[in-house]
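> Okay, predicted coordinates and the sequence, questions at the end:
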Amino acid sequence: MIAEELQKHQQTLTRVIEKLIPAIQQGSDMLGDVLRAGSKVLIAGNGGSAADAQHIAAELTGRYVKERKALPAIALTVDTSALTAISNDYGFKQVFSRQIAALARPGDLFIAISTSGNSENIIHALHTAKAYGCLTLGLSGRDGGKMNEICDLNIVVPDDTTARIQEMHILIGHIFCKAIDAEY
């Protein structure tokens with residue numbers, strides 16, 4: 001079982017290397033451009049993707065590998081009071097979009113993470129981010145789902161298995177952070 005899981009991971013990684021290097025470079029460039037301009041990064045996802053959002057935000061505000069200045073990144077998944085109040089008062093569909101409406105400014109970057117590319121609250125948040133003048137970067141899987149139509153760039157992991165997609169999302173997030181470390 002262990003060897004089989006590692007082989008499946010390796011197969012997905014091979015497809016990512018074959019197909020996504022230009023898109024990952026473009027995403028790294030988007031992130032760097034936004035941070036150089038003094039804007040911030042907002043990140044959201046559900047479940048494991050929420051953990052990925054928090055992880056990427058922590059790498060940017062803290063550090064990835066090398067010492068560098070702290071960079072403005074906020075995971076919209078961490079404030080339990082906001083999450084529960086917004087979900088209760090407005091519905092779960094609005095849980096991220098309401099926070100974007102409060103925090104986003106033109107030129108910010110919203111990183112949307114959804115393995116299916118179809119999570120309703122992520123789709124709604126992407127529309128809100130666009131309305132507030134944000135750039136939008138998606139991390140999805142399968143066929144990219146509805147995120148393909150909305151994101152300025154949607155990096156679609158070529159796999160149908162949630163675990164494999166999530167493994168690649170955090171790897172791509174780490175590559176983004178490595179690129180940022182190289183700049184600062």
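Yep, that arrived.

> isn't there a helix covering residue 140?
No: when the secondary structure is assigned by DSSP: H, G, I helix; E, B strand; the rest coil, residue 140 falls in strand instead of a helix.

> could you list every residue that touches it?
The contact partners of residue 140, by Cβ atoms under 8 Å, 6 or more residues apart in numbering, come to 113, 114, 115, 116, 117, 147, 148, 154, 155, 156, 157, 165. Every C-beta, even on glycine, is put in place using the N, C-alpha and C of the backbone.

> Count the residues that sit near the first one.
In this case it means residue 113. The burial metric for residue 113, expressed as a neighbour count using other Cβ atoms under 10 Å, is 32.

> Excluding sequence neighbours, find me the nearest residue to the residue nearest in space to the middle of the chain.
Among the residues of the chain, residue 111 comes closest to the average C-alpha position under Cα atoms, centre = their mean, at 3.7 Å. Computed as Cβ to Cβ, 6 or more residues apart in numbering, the closest residue to residue 111 that is not its neighbour in sequence is residue 43, at 4.4 Å.

> so that neighbour makes contact with residue 73?
Yes: in this structure residue 43 lies within contact range of residue 73 using Cβ atoms under 8 Å: 6.6 Å.

> neighbour count winner among those two?
Here residue 43 and residue 73 are compared on neighbour count by other Cβ under 10 Å; more neighbours surround residue 43, at 27 against 24.

> which secondary structure element contains the more buried one?
strand 41-45 (DSSP states H and E).

> averaged over its residues, what pLDDT does that strand have?
Throughout strand 41-45, pLDDT has a mean value of 98.

> what's it packed up against?
helix 2-36, helix 48-61, strand 73-75, helix 97-103, strand 109-113, helix 120-131 (3 or more Cβ pairs under 8 Å, 6 or more residues apart in numbering; DSSP states H and E).

> what's next to the fifth one, contact-wise?
Residues outside strand 109-113 that contact it (Cβ under 8 Å, 6+ apart) are 30-31, 34, 39-45, 49, 52-53, 56, 100, 104, 122, 125-126, 129, 134-140, 147, 151, 169.

> Determine how far that strand lies from the middle of the whole chain.
Mean-position distance between strand 109-113 and its chain equals 4 Å (Cα atoms, centre = their mean, to the nearest Å).

> what angle separates it from strand 41-45?
Between the axes of strand 109-113 and strand 41-45, defined by axes from the mean of the first three to the mean of the last three Cα atoms, to 10 degrees, the angle is 20 degrees.

> Adjacent strands (with direction) for strand 109-113?
Neighbouring strands of strand 109-113 in its sheet, by DSSP bridges, are strand 41-45 (parallel), strand 135-141 (parallel).

> right, and those strands - which one's nearest residue 6?
Nearest to residue 6 among the strands paired with strand 109-113 is strand 135-141; the distance by Cβ to Cβ comes to 19.0 Å.
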